[in-house]
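Novice: Sharing a model prediction with you, sequence too.
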Amino acid sequence: ATWDAADYTAIAPDWSVLHLWKGGVWQQDAEAMMPQTVALLRAEEAAGRLRLNPLQNVACGVARQPSGSGIAPHCDGNVLGLTAHLGLQIPEGG
């Protein structure tokens with residue numbers, strides 16, 4: 001799977017993203033890397049609790065940034081969905 005560079009260099013220059021769902025299609029390479037995550041999302045979609053908009057190029061993905069790189073406050077063009085920034089590994093005192 002490829003971690004693509006995001007178009008957010010002004011807010012997070014070292015950000016990259018693994019697309020789980022892009023352009024209306026679940027990405028097989030991402031599913032191979034994160035089978036449980038994609039299986040959970042597919043189940044939520046099938047149950048009607050997750051709706052992905054095919055007009056939105058990247059509606060579901062996992063982003064990563066180097067430690068300490070931060071993310072600047074911003075407003076992007078994602079008016080069709082909810083974006084959550086969650087720290088998976090948060091340094092002590094961070």
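Specialist: Looks like it came in fine.
Novice: for stretch 71-83, what is the average pLDDT?
Specialist: Taken as a whole, stretch 71-83 carries a mean pLDDT of 63.
Novice: Which stretches in this structure count as helices?
Specialist: Ranges of helices within the chain are 28-33, 35-46, based on DSSP state H.
Novice: ok, N53 - how many residues close by?
Specialist: If you count neighbours by other Cβ atoms under 10 Å, N53 ends up with 10. Just so you know, the C-beta spots here come from the backbone N, C-alpha and C atoms, and that holds for glycine as well.
Novice: do the same with P35
Specialist: Neighbours around P35, by other Cβ under 10 Å: 10.
Novice: Return the distance of it relative to G48.
Specialist: Counting by Cβ to Cβ, to the nearest Å, the gap from P35 to G48 is 22 Å.
Novice: repeat for Q28
Specialist: For Q28, the distance to G48 - Cβ to Cβ - is 24 Å.
Novice: of the two, who's got more company?
Specialist: Taking other Cβ under 10 Å, Q28 and G48 do not tie; Q28 has more neighbours (10 against 7).
Novice: one step back: in TSV, list the helices of the chain along with distance to P66 and mean pLDDT.
Specialist: Below are the helices of the chain laid out as TSV (distance: least, Cβ to Cβ, whole Å; pLDDT from 0 to 100):
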stretch	distance to P66	mean pLDDT
helix 28-33	19	92
helix 35-46	22	91
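Novice: Tabulate those helices in a markdown table, adding columns for distance to I71.
Specialist: Output for the helices of the chain, formatted as a markdown table (distance: least, Cβ to Cβ, whole Å):
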| stretch | distance to I71 |
| --- | --- |
| helix 28-33 | 22 |
| helix 35-46 | 21 |
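Novice: Out of those, flag the one nearest W21.
Specialist: helix 35-46 (7.4 Å; Cβ to Cβ).
Novice: CA atoms of that closest one as PDB?
Specialist: Presented in PDB, the C-alpha positions along helix 35-46 are these (Å, rounded to 0.1, in the frame of the first residue of the first chain):
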ATOM      1  CA  PRO A  35      -8.200  -6.000   7.500                       C
ATOM      2  CA  GLN A  36     -10.000  -5.600  10.900                       C
ATOM      3  CA  THR A  37     -10.400  -1.800  10.400                       C
ATOM      4  CA  VAL A  38     -11.800  -2.100   6.900                       C
ATOM      5  CA  ALA A  39     -14.000  -5.100   8.000                       C
ATOM      6  CA  LEU A  40     -15.500  -3.000  10.800                       C
ATOM      7  CA  LEU A  41     -16.100   0.000   8.500                       C
ATOM      8  CA  ARG A  42     -17.600  -2.200   5.800                       C
ATOM      9  CA  ALA A  43     -20.000  -3.700   8.400                       C
ATOM     10  CA  GLU A  44     -21.000  -0.200   9.600                       C
ATOM     11  CA  GLU A  45     -21.600   0.800   6.000                       C
ATOM     12  CA  ALA A  46     -23.700  -2.400   5.300                       C
END
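Novice: Kind regards, and thank you for your time.
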